[in-house]
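Engineer: Any chance you can model this:
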Amino acid sequence: MKTTKIILDTDIGSEMTDAAALTLAAISPEIELLGVTTVTHDSVFRASVAKKFLNLLGKNSIPVSAGLRANGDHIWEKEFLFPEGYEPSKELDPRAASQLILDLVNKNKEDVTIVGIGPTTNLAEALTKDSDLPNKVKELILMGGMINPPTVDGKLIPRGFEY
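Structural biologist: Residues are numbered from 1 along each chain as shown. Okay, the predicted model is just below:
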């Protein structure tokens, strides 16, 4: 059976949907999960959560890298969202998420699907580093989000509630 090689770019840690997607990608026989990158706000915490999930699933060898905040800043220090006593995983890949994406794509040219289920900041940074990236991937799958907040029954739905 031919497997689909994917890189999962996620903002895991805020709701269960990303955890479910990561679990499915990690255990599905149809998918070869090459790597996981995390994005938005506390990306190191999010990467630590993803690594913990993978370890619990017996998938310790899959690299996980913390990426950018939604506004483009790198964040490598604790933030107020971290639980008491939290320490980042020592098993995280030291490369920036965008670099892990590029390295995995270049190693598996034209045979990688990038799946983005969070803000696309890491993908944008990877594209900035290598403008030929779109020609090197097999497929790009993105979860939709909100561009303009909609009005439902006369009430404005604020940004962040698109899920």
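Engineer: where in the chain is pLDDT low?
Structural biologist: 69-83, 144-147, 159-163 (pLDDT under 70).
Engineer: quick one, strands of it?
Structural biologist: 4-10, 31-38, 64-66, 112-116, 139-142, 151-152, 155-156 (DSSP state E).
Engineer: Give me whichever of these is most buried.
Structural biologist: Highest mean neighbour count among the strands of the chain (mean count of other C-beta atoms under 10 Å): strand 64-66, with a mean of 28. Where C-beta positions appear, they are placed from N, C-alpha and C, glycine not excepted.
Engineer: Any idea how many residues pack against residue 148?
Structural biologist: Other residues near residue 148 come to 6 when the count uses other C-beta atoms under 10 Å.
Engineer: What of residue 27?
Structural biologist: Counted by other C-beta under 10 Å, the residues lying close to residue 27 total 12.
Engineer: what do you get for the one 3 residues further on?
Structural biologist: Taking other C-beta under 10 Å as the neighbour definition, residue 30 ends up with a count of 10.
Engineer: Check residue 143 too.
Structural biologist: 17.
Engineer: State the distance from the nearest residue to residue 128 once chain neighbours are set aside to residue 87.
Structural biologist: Sequence neighbours aside, residue 98 is the residue nearest to residue 128 in space, at 7.9 Å (criterion: C-beta to C-beta, 6 or more residues apart in numbering). When distance is defined by C-beta to C-beta, to the nearest Å, residue 98 is 25 Å away from residue 87.
Engineer: the longest helix in the protein is where?
Structural biologist: The longest helix of the chain (DSSP state H) is helix 43-56.
Engineer: for that helix, which positions count as buried?
Structural biologist: Going by neighbour count (16 or more other C-beta atoms under 10 Å), the buried part of helix 43-56 is 43-51, 53-54.
Engineer: any chance of the strands of the chain in CSV, plus distance to residue 24?
Structural biologist: As requested, the strands of the chain are exported to CSV (distance: least, C-beta to C-beta, whole Å):
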stretch, distance to residue 24
strand 4-10, 10
strand 31-38, 8
strand 64-66, 16
strand 112-116, 11
strand 139-142, 13
strand 151-152, 30
strand 155-156, 34
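Engineer: which one of these lies closest to residue 130?
Structural biologist: Among the strands of the chain, strand 112-116 comes nearest to residue 130, with 12.6 Å by C-beta to C-beta.
Engineer: Partner strands of that closest one, with direction?
Structural biologist: Applying DSSP bridges, strand 112-116 is found paired with strand 4-10 (parallel), strand 139-142 (parallel).
Engineer: so which of those gets nearest residue 91?
Structural biologist: Between the strands paired with strand 112-116, strand 4-10 lies closest to residue 91; by C-beta to C-beta that is 16.7 Å.
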